[in-house]
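K.L.:
Got a predicted structure here, sequence first:
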Amino acid sequence: MIKTFKQAEAFLALHIPKTSTQTFPGELGLNRAKYFLHLLGNPQEKLKIIHVAGTSGKGSTCYLISSLLISQGFKVGLHQSPHLTDVTERFQINNQIISKKEFVFYLNKIIPVINLVGKTFYGQLSYFEILVGMAFLIFSEKKIDYAVMETGLGGKYDGTNVVLRQDKLSVLTKIGLDHIAILGKTIEKIAYQKAMIINKNSQVISINQDLKTEKIIRDVAEKKMANVMFVRGRDGACPVCTNLKNMNKCFFCQFKSNPSYKEVDNLQKFITPRKKILNRDKTNVKKKVGAVFQTAHFPGRFDIKKITNKIVVFDGAHNPQKMKAFVSSLIKEFPNKKFNFLLAFKKGKDYQDMLKIIISLVGTSKIILTSFFVENQDMINASEDPAEIGRGIARDARTGINFEIIPDLKEAWETILKEDGLIVVTGSLYLVGEIFRLIRANK
């Protein structure tokens, strides 16, 4: 029997994958997750699910969909990964994180099943698979109206892709090149993996995609007899978030897809089951939706804080697509400002292209390159060697960038706070989470 939250974390740590085959087990992992849920009584089949996949914007989209549903009076469960500082962040009811006491209670409840699965030919459940199963169980027992579930990686073999219900709504955010070693080296292969969360005879909403990606999504939807709707953009400002200073918060504007009010209402209609369409005044719906977008605050995504009298912007952008969107929002929010960057990138990411985007903005500002090593997530996450990144910057004499290499994260954070001008922490959500831990420890 686990008695404390610390003991719960230690138990979960035993299930963090140590090898690539454990980290990305493919079909075996998906079948193991299904068997785990079968032993739990298939709680996922007792829930109305909104399943979100994509390369960029999954986390913010999940949070915004949850907030939109809450604004309509629904009780909503939200499961996202990775967490920033605490695993309990992955279990939210109406955007409120469950308590550590509840977390320990539910983990104790499923440990016998976790151990049972480990004794079968499926092998030991992974950290991610345990938490996904636990989320479905918690949401089922708390009788939520909707569960908003973010995929981990890909879609086809993702541990969240275990729901058979035809009323599941699949939402696809912007799809691009990322995790190519696992999902494939072409946009078509990656799009196929993401689109495979679509269920038979179900509803699908996708943000506007490039033509190749859209074709793949349509082909998958057609084979599964699913109804797909693409949120199309149009010229002009988005009427939903016109007053937002930070367009990066808006699912529709983040990738320059600016819908009309009608398209926002369409999103509401798809989210609301056809059997329970609300009788509501259209103007009030628009106001509620607009209010959600204007007040949305998602930690670690264009997250502006004041620390020791310095303005610090945190963003977990970890691929060129996300970095471009983030930098665009940064310029709009802080025109003609000097930026100092604290950067670290997860191993395997396209940090060269991300650096090009950052360097084009920095000018005479300072960059500090640092590192991280995170052991309390779905897998062990290490950063690229900052010295190697620094050598790449130095080789390009044209940049003229003032940079410093400080591998120790605590020292790097304390050093960047001494610089004049705005401070930006980006390159990885794991970096942002580790800095948040330092801030919390200092408090």
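P.N.:
Alright, I've got the coordinates.
K.L.:
which stretches of the stretch 301-443 of the chain form helices?
P.N.:
320-333, 351-362, 386-395, 409-416, 429-442 (DSSP state H, counting those that start in this stretch).
K.L.:
let me redo that: the stretch 101-250 of the chain
P.N.:
Going by DSSP H, counting those that start in this stretch, the stretch 101-250 of the chain shows helices at 127-141, 180-183, 187-195, 211-223.
K.L.:
Please indicate which of the ones you listed has the most neighbours on average?
P.N.:
Highest mean neighbour count among the helices of the stretch 101-250 of the chain (mean count of other CB atoms under 10 Å): helix 127-141, with a mean of 24. C-betas here are computed from N, CA, C, even on glycine.
K.L.:
what residues are up against the most centrally placed residue in the chain?
P.N.:
When CA atoms, centre = their mean is applied to the chain, the residue found nearest the centroid is G59 (3.0 Å). Residues counted as contacts of G59 (CB atoms under 8 Å, 6 or more residues apart in numbering) are 80, 150, 298, 301, 316.
K.L.:
ok, so what distance separates it from I70?
P.N.:
Per CB to CB, to the nearest Å, G59 is found 17 Å from I70.
K.L.:
Equivalent analysis for K109, please.
P.N.:
Applying CB to CB, the value for K109 to I70 is 26 Å.
K.L.:
neighbour-wise, which of these two wins?
P.N.:
Neighbours per residue, other CB atoms under 10 Å: of K109 and I70, the larger number sits with I70, 19 against 14.
K.L.:
Which helix or strand contains the more buried one?
P.N.:
helix 58-71 (DSSP states H and E).
K.L.:
Can you identify the element that follows that helix toward the C-terminus?
P.N.:
On the C-terminal side of helix 58-71, the closest following helix or strand by DSSP H and E is strand 76-79.
K.L.:
How many residues are close by K418?
P.N.:
Other residues within reach of K418, judged by other CB under 10 Å, total 11.
K.L.:
I meant to write K347 there.
P.N.:
The number of residues packed near K347 is 11, by other CB under 10 Å.
K.L.:
Then K306?
P.N.:
K306: 8 neighbours (other CB under 10 Å).
K.L.:
pLDDT score assigned to it?
P.N.:
Looking at K306, its pLDDT reads 91.
K.L.:
for G29, same thing?
P.N.:
89.
K.L.:
how about the host helix or strand of it: buried residues?
P.N.:
Using DSSP H and E, G29 falls within helix 27-39. The neighbour-count check on helix 27-39 (16 or more other CB atoms under 10 Å) flags 29-30, 32-37, 39 as buried.
K.L.:
In TSV: those residues, plus distance to H15.
P.N.:
Shown next, in TSV, are the buried residues of helix 27-39 (distance: CB to CB, whole Å):
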residue	distance to H15
G29	12
L30	17
R32	12
A33	13
K34	17
Y35	15
F36	12
L37	16
L39	16
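K.L.:
sorry, back to before: mind checking which of the helices of the stretch 301-443 of the chain is nearest D210?
P.N.:
D210 lies closest, by CB to CB, to one member of the helices of the stretch 301-443 of the chain: helix 320-333, at 11.4 Å.
K.L.:
tell me the angle of the closest one relative to helix 429-442?
P.N.:
Orientation of helix 320-333 against helix 429-442 (axes from the mean of the first three to the mean of the last three CA atoms, to 10 degrees) gives an angle of 50 degrees.
K.L.:
ok, E214 touching F230?
P.N.:
Yes - counting by CB atoms under 8 Å, E214 touches F230, with 6.7 Å between them.
K.L.:
Need the overlap of contacts for the two.
P.N.:
Common neighbours of E214 and F230, using CB under 8 Å, 6+ apart, are S206.
K.L.:
Doesn't K18 belong to a helix?
P.N.:
No - counting by DSSP: H, G, I helix; E, B strand; the rest coil, one finds K18 to be coil, located in no helix.
K.L.:
Apart from its chain neighbours, what residue comes closest to it?
P.N.:
What sits nearest to K18 in space, not counting adjacent residues and going by CB to CB, 6 or more residues apart in numbering, is I380, at 7.3 Å.
K.L.:
residues contacting the one you found?
P.N.:
Neighbour list for I380: 16-18, 373-374 [criterion: CB under 8 Å, 6+ apart].
K.L.:
hang on, the earlier thing: could the helices of the stretch 301-443 of the chain be laid out in a markdown table, adding distance to A8 and mean neighbour count?
P.N.:
Output for these, formatted as a markdown table (distance: least, CB to CB, whole Å; neighbours: other CB atoms under 10 Å):
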| stretch | distance to A8 | mean neighbour count |
| --- | --- | --- |
| helix 320-333 | 31 | 20 |
| helix 351-362 | 34 | 19 |
| helix 386-395 | 33 | 14 |
| helix 409-416 | 25 | 19 |
| helix 429-442 | 18 | 19 |
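K.L.:
nearest to L84, of the ones you listed?
P.N.:
L84 lies closest to helix 429-442 among these, at 4.1 Å (CB to CB).
K.L.:
Distance from the chain centre to that closest one, please.
P.N.:
In terms of CA atoms, centre = their mean, to the nearest Å, the centre of helix 429-442 is set 17 Å apart from its chain centre.
K.L.:
Which strands or helices does it pack on?
P.N.:
With contacts defined as 3 or more CB pairs under 8 Å, 6 or more residues apart in numbering; DSSP states H and E, helix 429-442 has these neighbours: strand 310-314, strand 339-343, strand 373-374, helix 409-416, strand 422-426.
K.L.:
Go ahead and confirm G184 touches Q193.
P.N.:
Yes - here G184 reaches Q193: they are 6.9 Å apart, a contact under CB under 8 Å.
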